[in-house]
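Visitor: The following block contains a protein sequence and its predicted model.
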Amino acid sequence: MTAPGTEPPDRRTRTGRWRDQLIAYGWLVLAWNLFWGEFTWGNLLGGLLTAGVVLLFFPLPPVTFHGRLRLRGLLAFGSRFVVELIRASAHVARIAVQPGYTPRSAIIGVRLRLPTDLNLALTAEVLSLVPGTLIVEVDRDAGILYVHVLDVRGPAALAASRAQVHAVERRIVEVIGSNAELRQVRTGPVDKELP
């Protein structure tokens with residue numbers, strides 16, 4: 001008999017996998033009902049069936065999460081995100097109404113310091129929500145995000161855009177990362193620039 005909390009890794013992995021599938025199932029059922037715009041017994045049954053079919057034929061890849069939620073990091077991330085959202089929106093609005101101005105764009109490749117699936121996905125989502133940046137491609141194996149940036153005026157702006165991506169990555173890890181992941185993004189070397 002094993003002591004509580006010392007189950008074999010295989011059992012913990014299976015339990016975590018079932019928990020993740022159950023959470024995904026619940027979110028899909030909720031999304032189905034929200035898509036229909038009302039909660040009825042028919043929509044609930046349809047959501048249960050649709051979510052089951054989706055998870056059966058399109059199973060989610062296992063995403064490992066070894067960190068913990070840090071409230072201070074979450075508050076700092078949220079406030080910084082709102083500030084960046086307002087600043088970027090004002091910048092894009094100014095570009096849109098400025099007569100005769102043609103902004104230059106670029107696509108940059110940024111190698112993340114923590115190339116886990118969860119970190120790649122969250123960093124890509126946050127960057128895509130901010131006006132003026134858009135994820136064009138993700139190289140999962142190499143841990144590289146290819147980001148389209150708006151209004152690039154030279155090499156200094158490209159370097160600033162790369163630094164912004166790394167700052168977003170660091171702030172995300174400060175919210176949900178483990179202590180080892182936090183040390184890695186704070187002290188880990190940033191790879192040389194990609195084309």
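Guide: In hand now; what should we look at? Residues are numbered from 1 along each chain as shown.
Visitor: just the strands in the protein please.
Guide: In the chain, the strands defined using DSSP state E lie at 106-111, 133-139, 144-149.
Visitor: Kindly compare burial across those and name the winner.
Guide: Mean neighbour count, computed with mean count of other C-beta atoms under 10 Å, is highest for strand 144-149 among these, reaching a mean of 20. The C-beta positions use only the backbone N, C-alpha and C, and glycine is treated the same way.
Visitor: returning to what we had before: for the strands of the chain, give me JSON lines that also has mean pLDDT.
Guide: As requested, those are arranged in JSON lines below (pLDDT from 0 to 100):
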{"stretch": "strand 106-111", "mean pLDDT": "94"}
{"stretch": "strand 133-139", "mean pLDDT": "94"}
{"stretch": "strand 144-149", "mean pLDDT": "96"}
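Visitor: and residue 31, which of those is closest to it?
Guide: strand 133-139 (21.7 Å; C-beta to C-beta).
Visitor: strand partners of that closest one, parallel vs antiparallel please.
Guide: Strand pairing for strand 133-139, determined by DSSP bridges: strand 144-149 (antiparallel).
Visitor: Need the contact partners of the partner strand.
Guide: 105-112, 120, 123-124, 127, 132-139, 157-158, 161, 165, 194 (C-beta atoms under 8 Å, 6 or more residues apart in numbering).
Visitor: For the most centrally placed residue in the chain, which non-adjacent residue is closest in space?
Guide: With distances taken as C-alpha atoms, centre = their mean, the residue of the chain nearest its centroid is residue 122 (0.9 Å). Computed as C-beta to C-beta, 6 or more residues apart in numbering, the closest residue to residue 122 that is not its neighbour in sequence is residue 172, at 5.0 Å.
Visitor: ok, now residue 50?
Guide: residue 32 (5.5 Å).
Visitor: Check the offset of stretch 70-81 from the chain's centre.
Guide: Mean-position distance between stretch 70-81 and its chain equals 15 Å (C-alpha atoms, centre = their mean, to the nearest Å).
Visitor: Using CSV, write out every CA atom in that stretch.
Guide: C-alpha atoms of stretch 70-81 as CSV (Å, rounded to 0.1, in the frame of the first residue of the first chain):
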residue,chain,number,x,y,z
ARG,A,70,0.7,33.1,-8.5
LEU,A,71,-1.8,35.9,-7.6
ARG,A,72,0.7,38.7,-7.5
GLY,A,73,2.0,37.7,-11.0
LEU,A,74,-1.6,37.4,-12.3
LEU,A,75,-2.4,41.0,-11.1
ALA,A,76,0.8,42.3,-12.5
PHE,A,77,0.2,40.5,-15.8
GLY,A,78,-3.4,41.8,-16.0
SER,A,79,-2.6,45.4,-15.4
ARG,A,80,0.4,45.3,-17.8
PHE,A,81,-1.8,43.7,-20.4
